[in-house]
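[1] Return atomic coordinates for the entry below.
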Amino acid sequence: MKQTSTQSFLLVDQARFQNITERLLNLDQNVLADITENLSNGEHFVPESDSEKACFQVLHDLDHVAGKVKGSTTSKKYMCNEIWSLIAFSGAPSWYITLSPADIQHPICIYYADNKEEFKPDLLPYNERIRMVCKNPVAGARFFHFMVETFITDVLGVGSIII
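    Here you go, the predicted structure:
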């Protein structure tokens, strides 16, 4: 809250205070409601009229205030822009990731290898787990595919919505 207050005081300094107060008092509430509804639906909106441009300027001012608040959507947007700028300046980072899931240790792989319909992870002896997975190599492949897909979607965030 302190950062928000400080940032808003810095935004509304003596020279710009009159301009910002006039814009806030003269906002068309119906236009603002239409803009927020379109943006919340994920639609692309380009301001055309003067009232739409004034609403967008107020939204820009709010973004400017929220940009200094840690964890806010705007600060995340600024960090994302900073990362993209660093990539453009320095090049993309090179990451080498080795996935080596232990298939005979994981209950999901044992479930794939077993012929039971219901998933009840029993701690089988080591020799029995090895035999079960070796008898059914497709289970090891399915488990590896599951782990890689989970890593790609949950850790790397591919296919997820970035705010």
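
[2] Moving C-terminal from the helix or strand of the chain with the lowest mean pLDDT, which element do we reach first?
    Among the helices and strands of the chain, helix 2-11 carries the lowest confidence by mean pLDDT, DSSP states H and E, at a mean of 56. Helices and strands here follow DSSP states H and E; after helix 2-11, the next one along the chain is helix 17-25.

[3] now for the helix or strand just after that following helix, which elements pack on it?
    The first helix or strand that comes after helix 17-25 along the chain, using DSSP H and E, is helix 29-40. In this structure, helix 29-40 packs against helix 50-66, with contacts taken as 3 or more Cβ pairs under 8 Å, 6 or more residues apart in numbering; DSSP states H and E. Backbone N, C-alpha and C define where each C-beta goes, glycine included.

[4] Could I get the average pLDDT for the helix or strand just after the helix it packs on?
    Note on helix 50-66: by DSSP H and E, the next helix or strand toward the C-terminus is helix 73-90. Per-region confidence: helix 73-90 scores 85 on mean pLDDT.

[5] Alpha carbons of helix 73-90, in CSV - could you do that?
    Output in CSV follows, covering the C-alpha atoms of helix 73-90 (Å, rounded to 0.1, in the frame of the first residue of the first chain):
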residue,chain,number,x,y,z
THR,A,73,-0.4,-7.6,-13.0
THR,A,74,1.2,-4.5,-14.4
SER,A,75,4.5,-5.2,-12.6
LYS,A,76,4.4,-8.7,-14.1
LYS,A,77,3.8,-7.2,-17.5
TYR,A,78,6.8,-4.9,-17.0
MET,A,79,9.0,-7.8,-15.9
CYS,A,80,7.9,-9.8,-19.0
ASN,A,81,8.8,-6.8,-21.2
GLU,A,82,12.2,-6.5,-19.5
ILE,A,83,12.9,-10.2,-20.1
TRP,A,84,12.0,-9.8,-23.8
SER,A,85,14.2,-6.8,-24.1
LEU,A,86,17.1,-8.7,-22.5
ILE,A,87,16.6,-11.5,-25.0
ALA,A,88,16.6,-9.1,-27.9
PHE,A,89,19.8,-7.4,-26.6
SER,A,90,21.7,-10.5,-25.4
